[in-house]
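# here is the input, now give the coordinates:
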Amino acid sequence: MPLRRKNKKIDRQVLVENEELPQPSNVIDNNFGDNTNANIFARNEDSSDDDDIKFCPAILPTMDNELDVGQIRSNREILMTDAPPDHYNYTYAVFYLLGIATMTPWNFFVTAEDYWMYKFRNTTINDTTNITPDLTPMQKSFTCDLTLAASISGTTFLILNAIYGHLVSLKVKMLSTLFTILGIFIITTSFVEVNTDHWQEQFFLITLFTVVIINICSATMSGGIFGVAGLFPSHYMTALVSGQALGGILSALAFIFVLAFGAAPNVTALIYFIIGSILILLSIICYLIMSRRPFFKYYIEGGDKFKILADTPSHSRSVDSGVDLEPNIKEVFGKIFVEAVNICLLFATTLSVYPAVTVLMQSEYYGKGYAWNDIYYMPVVNYLFFNSGDYFGRILAGLWEMPRDNPHTVLLMTVIRLLYVPLFLCANSNVHIFLPVLVHTDVTFILMIITFGITNGYLANISLIMAPRSVMRHEKEMASSIMAASLSLGLALGSLLSMIFVQML
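Numbering: from 1, shown residues only. Here you go, the predicted structure:
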């Protein structure tokens with residue numbers, strides 16, 4: 001229910017998410033008076049939000065001022081919840097799936113590098129593999145052009161979504177983007193079996209255009225679903241971001257299996273794109289079902305776990321009068337400025353060295369004839385170990401959120417994490433020209449990549465959970481969308497820095 005007011009003096013209503021109550025209970029005795037005036041906590045027996053039933057003695061916003069704990073006690077508010085249960089944790093599972101869907105299709109698109117190299121090869125040479133000894137101009141520029149097209153389009157639309165996203169309904173944002181991505185993937189899949197050798201330039205432009213469309217849709221969908229996740233209990237945000245990390249693990253496993261079986265580029269690309277299409281179609285079906293469930297509707301339509309109604313002088317409990325409050329972008333950004341800077345710096349640090357720099361690293365026993373060191377070391381360590389660490393870090397942050405509601409400490413931890421950058425730049429590689437090699441052993445590099453992933457996931461999840469709690473109820477969706485835009489901006493900055501770092505090696 002949105003905040004409303006009749007005038008500045010009458011009927012204050014507070015809607016907050018209380019997240020620090022020690023334990024659920026049907027009655028809270030705070031010794032405020034007799035039983036008729038005591039604070040009562042009414043809770044559905046079937047509610048699935050047991051882990052989030054906590055009382056937060058933080059500042060509670062009102063229409064005209066902010067109530068502290070003393071004001072709450074003197075006003076003898078009534079705390080209640082009427083949230084329906086999330087049967088079988090279905091909504092939680094769909095958030096997980098949507099997290100996977102926001103990243104995995106794009107990961108498959110990028111992972112099919114051999115396929116793109118084959119499509120843009122020199123066709124005047126009778127080459128049945130994927131890469132000729134001398135790369136063509138399109139082969140050389142494709143990865144860079146792909147990154148720039150994705151970063152610019154994705155970041156731009158995430159920022160636009162943060163500013164104007166609340167003006168577009170969630171159903172339109174989610175379904176229109178998911179159906180568009182599905183259509184693009186079906187078209188991309190059909191091109192696998194089409195001979196494009198005689199019109200490579202046109203196919204190159206078509207591919208870049210599809211990349212722009214995919215990232216515009218993905219950014220709009222990501223901004224929308226992050227905004228929605230901010231309206232739910234914090235562990236639903238954990239499900240979303242954990243799903244993104246799980247998508248990275250699935251992509252890494254697919255890449256390793258492709259290496260193990262040695263399939264042709266066309267075959268591997270066909271498998272990647274079909275899996276991506278199936279995943280998007282499954283997301284559409286599951287989202288349509290979820291959008292009709294009472295639990296999902298409750299939070300989307302403005303329900304909070306707890307509604308605190310402060311007694312007015314006339315002891316009135318009337319609400320639903322006046323006009324709805326609209327979020328202000330400047331006010332919301334001012335409240336979560338530290339969290340936004342933190343998430344941007346975090347992902348700029350990560351993308352500055354991963355994967356552009358780390359993929360150039362090699363085993364200390366490279367070239368000795370061992371399959372692990374020559375073939376599987378980098379895919380397993382660089383992709384699977386990092387994404388597994390990232391996934392574990394996000395899960396850990398959902399279970400053990402420390403520090404809690406202290407963005408400055410989180411920012412300090414992110415700044416300290418910058419120490420990883422020089423270590424990765426000086427890790428073992430045969431492409432070093434200017435920088436020395438300080439990290440020689442495989443064990444050291446593996447520990448670095450795993451802890452790098454864990455810290456990325458842990459700090460990212462904490463920041464994304466913390467931001468919605470720093471604003472009022474009607475500002476939560478915009479706050480989460482701003483965080484998604486800041487994340488994308490960090491990815492773009494990191495991608496640009498990675499190009500510089502690669503040249504520094």
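# okay, CA-based contacts and neighbour counts for the rest of this
Noted.
# ok now do residue 404, which residues does it touch?
Neighbour list for residue 404: 462, 466 [criterion: CA atoms under 8 Å, 6 or more residues apart in numbering].
# likewise for residue 362?
373, 377, 378, 428, 429, 430.
# state the three-state secondary structure for it.
coil (DSSP: H, G, I helix; E, B strand; the rest coil).
# relative to residue 389, how far out is it?
Residue 362 sits 20 Å away from residue 389, going by CA to CA, to the nearest Å.
# circling back: now, of the contacts of residue 362, which are buried?
Buried subset of these (neighbour count, 16 or more other CA atoms under 10 Å): 373, 377, 378, 428, 429.
# pull out the buried positions in the helix or strand harbouring residue 162.
In the assignment (DSSP states H and E), residue 162 maps to helix 137-164. For helix 137-164, the neighbour count (16+ other CA under 10 Å) marks 138-139, 142, 146-163 as buried.
# list the buried residues of whichever helix or strand comes after that helix.
Scanning forward in sequence from helix 137-164 by DSSP H and E, the next helix or strand is helix 170-191. By neighbour count on 16+ other CA under 10 Å, the buried set for helix 170-191 is 170, 173-178, 180-182, 184-186, 188-189.
# pLDDT weak spots in the stretch 1-150 of the chain?
1-81, 126-133 (pLDDT under 70).
# remind me which residues of the stretch 351-500 of the chain are low pLDDT?
430-432.
# mind running it again at 50?
Judged against pLDDT under 50, the stretch 351-500 of the chain has no low-scoring part.
# how about the helices in it?
In the stretch 351-500 of the chain, the segments counted as helices under DSSP state H, counting those that start in this stretch are 371, 377-378, 386-399, 407-416, 420-425, 442-469, 476-504.
# which parts of the longest one are buried?
For helix 476-504, the buried set under the neighbour-count rule, 16+ other CA under 10 Å, comprises 476-498, 501-502.
# what's in contact with stretch 96-109?
With CA under 8 Å, 6+ apart as the test, stretch 96-109 has contacts from 214, 218, 221-222, 225, 239-248, 250-251, 272-273, 276-277, 279-280, 283.
# with stretch 408-421 instead?
Here stretch 408-421 makes contact (CA under 8 Å, 6+ apart) with 338-339, 341-342, 345-346, 349, 352-353, 403, 448, 452, 455, 459, 463.
# starting at the chain centroid, how far to it?
19 Å (CA atoms, centre = their mean, to the nearest Å).
# just stretch 288-306 next, same as before
21 Å.
# just stretch 437-452 next, same as before
Computed by CA atoms, centre = their mean, the separation of stretch 437-452 from the middle of its chain amounts to 26 Å.
# residues in contact with the nearest residue to residue 451 once chain neighbours are set aside?
The shortest distance from residue 451 to any non-neighbouring residue, by CA to CA, 6 or more residues apart in numbering, is to residue 389 (6.7 Å). Going by CA under 8 Å, 6+ apart, residue 389 touches 450, 451, 452, 453, 454, 457.
# roughly how far does residue 389 sit from residue 479?
Separation of residue 389 from residue 479 (CA to CA) stands at 27 Å.
# cool, and residue 426?
38 Å.
# tell me how far the closest residue to residue 484 other than its chain neighbours lies from residue 82.
Closest residue in space to residue 484, ignoring its immediate chain neighbours: residue 223 at 5.8 Å, by CA to CA, 6+ apart. Applying CA to CA, the value for residue 223 to residue 82 is 28 Å.
# higher neighbour count, those two?
Neighbours per residue, other CA atoms under 10 Å: of residue 223 and residue 82, the larger number sits with residue 223, 30 against 15.
# list the contacts for the most centrally placed residue in the chain?
Central residue of the chain (CA atoms, centre = their mean): residue 241, 4.5 Å from the mean position. Going by CA under 8 Å, 6+ apart, residue 241 touches 96, 99, 394, 461.
# same deal with residue 446?
381, 385.
# picking up where we left off before, most surrounded residue in the contacts of residue 241?
Among the contacts of residue 241, residue 394 has the most neighbours (other CA under 10 Å), with 30 neighbours.
# need the contact list for that residue.
Going by CA under 8 Å, 6+ apart, residue 394 touches 238, 241, 242, 454, 457, 458, 459, 460, 461.
# ok, 7 Å please
238, 241, 242, 457, 458, 461 (CA atoms under 7 Å, 6 or more residues apart in numbering).
# closest to residue 208 among those residues?
Closest approach to residue 208 among the contacts of residue 394 (CA to CA): residue 241, at 27.1 Å.
# one step back: helices and strands around the helix holding residue 162, which ones?
helix 200-229, helix 476-504 (3 or more CA pairs under 7 Å, 6 or more residues apart in numbering; DSSP states H and E).
# what's the angle between the shortest one and helix 200-229?
Same thing as helix 476-504. 140 degrees (axes from the mean of the first three to the mean of the last three CA atoms, to 10 degrees).
# helix 476-504 vs helix 442-469, what angle?
Angle, helix 476-504 to helix 442-469, by the same axes, to 10 degrees: 150 degrees.
# mind listing what's buried in the helix or strand encompassing residue 272?
In this assignment (DSSP H and E), residue 272 forms part of helix 265-290. Neighbour counts over helix 265-290 (16+ other CA under 10 Å) mark 265-266, 268-277, 279-281, 283-284, 286-287, 290 as buried.
# quick one, grab the pLDDT at the residue lying closest to residue 91 once chain neighbours are set aside.
Excluding its sequence neighbours, the residue lying closest to residue 91 (CA to CA, 6+ apart) is residue 290, at 6.2 Å. Each residue has a pLDDT score; the one for residue 290 is 93.
# what does the one 5 residues further on give?
Here, the pLDDT recorded for residue 295 equals 91.
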